[in-house]
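> Next comes the sequence, and after it the predicted model I'd like to discuss.
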Amino acid sequence: MSETAHYIGHRKHLRERFAKAGAEGLADYELVELLLFSALPK
Amino acid sequence: MNGDQFMERSIKIHGPKEFAAMRKAGLLAAEVLDYISPFVVPGVSTEELDRLCDDMTVERGAISAPLGYRGYPKSICTSINHVVCHGIPSDKRLQKGDIVNIDVTVIIDGWHGDSSRMFYAGTPSTKARRLVNITYKAMMLGIAAVRPGARLGDIGHAIQSFAEGERCSVVRDFCGHGIGQVFHDSPNVVHYGEPGEGLELREGMIFTIEPMINLGTWQVKLMKDGWTAITKDRSLSAQLEHTLGVTADGSEIFTLSPAGYTTPPYA
């Protein structure tokens, strides 16, 4: 039974972590990624 | 510490005792697949195949790992035609010409044996048979790249370059995985990549190689059940899987068929 590759659901996971722990729960580059999500639609 | 170094630290290195346990688990998974082979015919429901596999697993003192795993409702996965992976057994009956992947994972004495094979219900189309044969060769080329000092990218590259050379595509969303006493462990073993890149393999690592190869696009879509993945363009997809360990001079496949089955037809 295959595993889902770790990068699948990355945006969802990051948003959930931000909602749960706030900016302090994310590394700086992850905060930049969050901002870029809205600029780079999938 | 970079990502590769972090991953390397979290990957288990197994010794002879663990390899012996994995041999036993792998053999049972292979035996279940051997056993189910004659039952895969037009008209059989995938639920019936699920019951037969589960019954044999339990009779042999093991349990089916997928049952209840993250809420998965059945004991095996049955992925038909354009289903890439994680098809859920149901009352749906196989039709003449279908190709189906059956994916079995057993847990015996706490160790997981994970393997899948392709099956034909009747005689499939020429292009379906070609896809299955390409997928088998791709998997074996990936396995041939395994040895201490090689990298995960070497495995992925061997699979991808062959499959794409045959005008097929490699699924990106699902991958092989470390395995042992844990079902899905580190590392992720993706089936595409560049030679010389990624984690360095070491003797004692245990993981699966299980490429999903499509006739059309590599892109997949997840169905509403949250499990069934299909090709976005509804093209045919095939998958085969072995569990293996890295040895001093290459690899040991734990899930080889005692009956010698590799690709269908098996009769």
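Cool, got the structure.

> Surely residue B:175 is in a helix?
No - if the criterion is DSSP: H, G, I helix; E, B strand; the rest coil, then residue B:175 is strand and not within a helix.

> partner residues bridging it?
residue A:3 (DSSP bridges).

> Quick one: neighbours of it, just the number.
By the criterion of other CB atoms under 10 Å in any protein chain shown, residue B:175 has 28 neighbours. C-beta here means a position set from N, CA and C on the backbone, and glycine is covered the same way.

> residues touching it, list them.
Residues in contact with residue B:175 (CB atoms under 8 Å, 6 or more residues apart in numbering or on different chains) are A:2-5, B:188-191, B:210.

> Could you tell me which of those residues count as buried?
Among those, those buried by neighbour count (16 or more other CB atoms under 10 Å in any protein chain shown) are A:2-5, B:188-191, B:210.

> And the residues you listed, which is closest to residue B:17?
Comparing the buried ones among the contacts of residue B:175 against residue B:17 with CB to CB places residue B:189 closest, at 23.4 Å.

> What ranges in the chain fall below the confidence cut-off?
Since you didn't name a chain, this refers to chain A. Within chain A, the stretches with pLDDT under 70 are A:42.

> you looked at the wrong chain, it should be chain B
Checking chain B against pLDDT under 70 turns up B:1-9.

> Just give the nearest non-adjacent residue to residue B:150, would you?
Closest residue in space to residue B:150, ignoring its immediate chain neighbours: residue B:201 at 5.1 Å, by CB to CB, 6 or more residues apart in numbering or on different chains.

> so who does the one you found touch?
Here residue B:201 is in contact with B:146-152, B:246 (CB under 8 Å, 6+ apart).

> Buried subset of those, written for ChimeraX?
If you want just the buried ones from those in ChimeraX, going by 16+ other CB under 10 Å, the selection is:
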select /B:146,148,150,151,152,246
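
> and which of the contacts of residue B:201 is nearest to chain A?
Distance to chain A across the contacts of residue B:201 (CB to the nearest CB) is lowest for residue B:152, with 12.3 Å.

> what's around the closest residue to the closest one other than its chain neighbours, how many residues?
In this structure, residue B:152 finds its nearest non-sequential neighbour in residue B:198, 3.6 Å apart by CB to CB, 6+ apart. When counting by other CB under 10 Å, one arrives at 23 neighbours for residue B:198.

> got it, and residue B:139?
Look at residue B:139: counted by other CB under 10 Å, it has 28 neighbours.

> Contact residues of chain A facing chain B?
Within chain A, the positions near chain B by CB under 8 Å from any CB of the partner chain are A:1-6, A:8.

> Any part of the helix or strand containing residue B:32 near chain A?
Using DSSP states H and E, residue B:32 maps to helix B:16-36. No - against chain A, helix B:16-36 shows no contacts by CB under 8 Å from any CB, the least distance being 10.8 Å.

> Dump the helix or strand just after that helix to CSV, restricted to CA.
Using DSSP H and E, the helix or strand that follows helix B:16-36 towards the C-terminus is helix B:46-59. Extracted as CSV, the C-alpha positions of helix B:46-59 are listed here (Å, rounded to 0.1, in the frame of the first residue of the first chain):
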residue,chain,number,x,y,z
THR,B,46,-13.5,-7.4,-5.5
GLU,B,47,-15.2,-7.8,-2.1
GLU,B,48,-15.0,-11.6,-2.6
LEU,B,49,-11.2,-11.3,-3.3
ASP,B,50,-10.9,-9.2,-0.2
ARG,B,51,-12.6,-11.8,1.9
LEU,B,52,-10.5,-14.6,0.5
CYS,B,53,-7.2,-12.7,1.1
ASP,B,54,-8.2,-11.7,4.7
ASP,B,55,-9.3,-15.3,5.5
MET,B,56,-6.0,-16.7,4.4
THR,B,57,-4.1,-14.0,6.3
VAL,B,58,-5.9,-14.7,9.5
GLU,B,59,-5.6,-18.5,9.1
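
> Give me the contacts around the next helix or strand after helix B:46-59.
Where DSSP H and E defines the elements, the next helix or strand beyond helix B:46-59 is strand B:63-64. Identification of contacts with strand B:63-64 by CB under 8 Å, 6+ apart yields B:53-54, B:57-58, B:75-76, B:104-107.
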